[in-house]
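In: Here is my input, please return the structure:
(one chain, ligands or ions: 1)
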Amino acid sequence: MTVERKITDLEALISDLSPEDRALADRIFDVSATTGRLDPPEAMRAWIEKSFGSVDQVTAQRIVKVTNRITFEGTLFNELRASRPLDTGVSLDLDREIAATEGDPFCHPKQGTPADVFGRVEGEHATTASNVAKYDGFHGVIVFDDHNPLHLTPEKVAGYVSVGLQWGRKALETDPEARYPFLMWNCLWRAGGSIIHGHAQVTATRGSHYPKVERLRRNASSYKQEYGSDYFGDLARVHESLGLSIPLEGVHGFASLTPKKEKELVVIGDDPEDPSLSRAVGALLQGYVSDLGVRAFNVAFYMPPLGPTQEDWTDFPTVVYIVDRGDPANRTSDMGAMELYAASVVASDPFAVARALTGSPHGLVL
Ligand SMILES: [Zn+2]
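Out: Numbers count the residues shown, from 1 in each chain. Sure, this is the predicted structure:
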């Protein structure tokens, strides 16, 4: 029987890599482990055993800190939290709550939502609207034909993304300075979505890209200058060598070693227009919902600008992030001061996430 890989064994897993892969992993990631200890009173022991399985597991807890040296993204994994099985519970109440809002304005977008100044983009699975209270000068909504935001297929997701990209080109035609597109998806309340009906959002910004996208471009560009190598290719290779990649057609996908929050996946493709990229995102989201029981999630597309710019975007691919935001029934936010200002604290083991999506009984349907 092979021993399942665990995030808390990351240091050992890296030292077992081939010399080249190990050098690459060490170049990008700083990994360290520590043990947190405590001394519980007798009166707490029964409760600890019931909640965590054994007192020993709690009195000495292994914590692994992973920091990306290039981007300074970082995550703390606690063995006690990470050893719990992935929560794949499904709530019938949620299905009822979603069904109860059918007939909302997004069910009739032409009457219930404003159009953009350049009109609407209509696709096979979605229609765009203009966002009423805007994040930026151009801010659209991709209103899905499906009311239920969890009824996803790779086909439909490819349709949503295609409509969003066409919207970006329309915005650029209207204002040639609005070169920088951003596509995002906040599914249900915990992910920041206020409307239940399935929808994603698109913006187009001017002057320079959003700071987090621009920072990643600069980090990757410095990496190339220093090592003469492509950051995104190397990042995917490190995840693959450790067994964290998820096989997808035409793109790289992996469970991140520095997730922002639970079960974060990263997909890297060359061109946002490439349908294999959006289909892969759709397949992963389908696996998220059907195999991992995820209900609230965020998706973000980092894309190069649509027109010429002063800064160099030559080597910048399309990077898609997918993250689970937790159980809609839970009142406690998944993000606190640690996540906002220090480092993310994450319970889901990326190795378990990659295994669950790769060995899914449904299989990743591409
Ligand atoms: Zn609706």
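
In: need the contact list for P109.
Out: 120, 127, 129, 143 (Cβ atoms under 8 Å, 6 or more residues apart in numbering). C-beta coordinates here come from the backbone N, C-alpha and C atoms, glycine included.

In: How many residues are close by the closest residue to it other than its chain neighbours?
Out: Of all residues not flanking P109 in the chain, V143 sits nearest, at 4.5 Å (Cβ to Cβ, 6 or more residues apart in numbering). Burial of V143 is recorded as 26 neighbouring residues (other Cβ atoms under 10 Å).

In: ok so, going back, can you list the contacts of P109 in a markdown table and add pLDDT and distance to T75?
Out: Listed next are these as a markdown table, based on pLDDT from 0 to 100; distance: Cβ to Cβ, whole Å:
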| residue | pLDDT | distance to T75 |
| --- | --- | --- |
| R120 | 98 | 40 |
| T127 | 98 | 38 |
| A129 | 98 | 36 |
| V143 | 98 | 34 |
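
In: Most neighbours out of the residues you listed, which is it?
Out: V143 (26 neighbours).

In: Rounded mean pLDDT for the host helix or strand of L235, please.
Out: Here L235 sits within helix 231-242, counting by DSSP states H and E. Over the span of helix 231-242, the pLDDT mean works out to 98.

In: cool, and stretch 333-347?
Out: Here the average pLDDT along stretch 333-347 is 96.

In: all numbers from here: first residue = 715
Out: Got it, first residue is 715 now, which makes that one stretch 1047-1061.

In: By mean pLDDT, which helix or strand of the protein comes out lowest?
Out: Between all helices and strands in the chain, the lowest mean by mean pLDDT, DSSP states H and E belongs to helix 793-796, at a mean of 76.

In: what's in contact with the strand or helix carrying V778?
Out: V778 belongs to strand 774-782 when assigned by DSSP H and E. The contact list for strand 774-782 (Cβ under 8 Å, 6+ apart) reads 721-722, 724-725, 742-751, 787-794, 971-972, 1057.

In: Direction included, what does that strand pair against?
Out: strand 743-751 (antiparallel), strand 788-792 (antiparallel) (DSSP bridges).

In: Would you format these as TSV with mean pLDDT, mean neighbour count and distance to D984 included?
Out: As requested, the strands paired with strand 774-782 are exported to TSV (pLDDT from 0 to 100; neighbours: other Cβ atoms under 10 Å; distance: least, Cβ to Cβ, whole Å):
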stretch	mean pLDDT	mean neighbour count	distance to D984
strand 743-751	96	13	24
strand 788-792	96	20	27
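
In: Check the burial of Q880 by counting its neighbours.
Out: Using other Cβ under 10 Å, Q880 has 16 other residues around it.

In: Now do the same for it: helix, strand or coil?
Out: At Q880 the chain is in helix, as set by DSSP: H, G, I helix; E, B strand; the rest coil.

In: That one touches G833, doesn't it?
Out: No: here Q880 does not reach G833: they are 11.0 Å apart, not a contact under Cβ atoms under 8 Å.

In: So, low pLDDT: which residues of the stretch 715-864 of the chain?
Out: For the stretch 715-864 of the chain, the stretches flagged by pLDDT under 70 are 715-716, 796-806.

In: Show me which residues of it are close to the ion?
Out: 818, 820-821, 861 (Cβ under 5 Å from the ion).

In: Stretch 979-997: which residues count as buried?
Out: Across stretch 979-997, burial judged by 16 or more other Cβ atoms under 10 Å covers 979-983, 986, 989-997.

In: Let's see which of those residues end up in helices.
Out: 989-997 (DSSP state H).

In: ok, back up a step: how near is the residue nearest to P823 to A914?
Out: With distances taken as Cβ to Cβ, to the nearest Å, V857 is found 9 Å from A914.

In: Find the residues that touch each one of those two.
Out: What both V857 and A914 touch, as defined by Cβ under 8 Å, 6+ apart, is an empty set.

In: which among the ones in helices among the buried residues of stretch 979-997 gets closest to the ion?
Out: G996 (19.9 Å; Cβ to the ion).

In: And the residue of the stretch 865-1014 of the chain closest to the ion?
Out: Closest point on the stretch 865-1014 of the chain to the ion, by Cβ to the ion, is H911, at 3.4 Å.

In: so what's R834 up against?
Out: Taking Cβ under 8 Å, 6+ apart, one finds 823-824, 841-843 in contact with R834.

In: nearest to S729, of those residues?
Out: Comparing the contacts of R834 against S729 with Cβ to Cβ picks out T842 as the nearest, at 50.3 Å.

In: Which other helices and strands does the host helix or strand of the closest one contact?
Out: Assigned by DSSP H and E, T842 belongs to strand 840-844. Contact analysis of strand 840-844 by 3 or more Cβ pairs under 8 Å, 6 or more residues apart in numbering; DSSP states H and E lists helix 823-826, strand 852-858, helix 868-888 as its packing neighbours.

In: what about 10 Å?
Out: Counting by 3 or more Cβ pairs under 10 Å, 6 or more residues apart in numbering; DSSP states H and E, the packing neighbours recorded for strand 840-844 are helix 823-826, strand 852-858, helix 868-888, strand 913-919.

In: report the angle between the axes of the next helix or strand after the last one and strand 913-919?
Out: Read in the C-terminal direction, the helix or strand following strand 913-919 is helix 925-941, with elements assigned using DSSP H and E. Counting by axes from the mean of the first three to the mean of the last three Cα atoms, to 10 degrees, helix 925-941 points 70 degrees away from the direction of strand 913-919.
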